[in-house]
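# got a predicted structure plus its sequence, pasted below:
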Amino acid sequence: MTKTALVFIANGSEEIEAVTTIDVLRRAEIEVDVVSIEKSGHDAVKCSRNVRVLPDKSLDDIKNTQYDCVIIPGGNDGSKAMANSSEVGQILTKHYQDGKIVAAICAGPRALLSHKIGVDHKHTITCYPSVRKEFTDGEPYKLDNPDNPVCHSRHTGKGDTEEKEHHLVTSQGPGTTMVFALKLIELLKGKDEATKVKDGLLV
């Protein structure tokens, strides 16, 4: 079955993190929807360095769609917009509760905190160095060693009928985006597929 991913974008999103993640996942034949959270949801968004990105869909287009992975790029203004969006919060919460992968990079984890994603499960996360001060280590997330470019935190708990895994994947910033995306491929499609894409990219 084809794996699917949702990448949120907004005015002020970090373009390296958004576009690189989209590109790398598509190389693994993962179907990626680029979704604007802006009111003019089908218009191009202006990213943090003035690169314009045209979304595939708006929030209204995907409100009843479930993905295997939901991704929040960084960018100061873009991540704050996602942290303040109740619609983004509802989508993140639904996917996390359903055992799907929720991922965020750079300043993106502030949206996880704002929307209380996985706060009861004592996850470990990482983020952009200057954003770490927005978090208190251990409350509600443990902060990973800053030498680790990507952090995959998994919690296994009891669901209604069986055990359910909950995943948070976080990363530090533009320079760690490639390994962030490759980790998502590994989780979605396995190590062999991640290695195949990695080798093709000469990473």
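Sure, I can see it. Please read these numbers as outputs of a predicted model, since none were measured by experiment. Residues are numbered from 1 along each chain as shown.
# how near is residue 104 to residue 39?
Per CB to CB, to the nearest Å, residue 104 is found 23 Å from residue 39. Bear in mind the C-beta positions are built from the backbone N, C-alpha and C, glycine included.
# ok, residue 149 next?
Following CB to CB, the distance that separates residue 149 from residue 39 is 34 Å.
# higher neighbour count, those two?
Per other CB atoms under 10 Å, whichever of residue 149 and residue 39 has more neighbours is residue 149, with 18 against 8.
# which residues touch the more buried one?
When contacts are counted by CB atoms under 8 Å, 6 or more residues apart in numbering, residue 149 touches 126, 171-172, 175-176, 179-180.
# ok, now with 6 Å
When contacts are counted by CB atoms under 6 Å, 6 or more residues apart in numbering, residue 149 touches 172, 176, 179.
# most neighbours among the residues you listed, which one?
Within those, most neighbours by other CB under 10 Å means residue 172, with 26 neighbours.
# tell me the spacing between that residue and residue 71.
According to CB to CB, residue 172 and residue 71 sit 15 Å apart.
# repeat that for residue 51.
As judged by CB to CB, residue 51 and residue 71 stand 18 Å apart.
# which one of those two is surrounded by more residues?
Of the pair residue 51 and residue 71, residue 71 is the one with more neighbours under other CB under 10 Å, namely 27 against 15.
# tell me the spacing between that one and residue 183.
In terms of CB to CB, residue 71 sits 11 Å off from residue 183.
# same check on residue 95?
Distance from residue 95 to residue 183, counting by CB to CB: 17 Å.
# check contacts around the most centrally placed residue in the chain.
Centroid check for the chain by CA atoms, centre = their mean gives residue 71 as the closest residue, at 2.3 Å. The contact partners of residue 71, taken as CB under 6 Å, 6+ apart, are 7, 21, 103.
# which strand residues bridge it?
Beta-bridge pairing of residue 71 under DSSP bridges involves residue 7, residue 103.
# low-confidence bits of the protein, can you list those?
Residues of the chain that meet the criterion pLDDT under 70 lie in 159-161.
# run a quick neighbour tally on residue 36.
Residues near residue 36, counting by other CB under 10 Å, number 24.
# not counting sequence-adjacent ones, nearest residue to it?
Leaving out its chain neighbours, the residue that sits closest to residue 36 by CB to CB, 6 or more residues apart in numbering is residue 55, at 3.8 Å.
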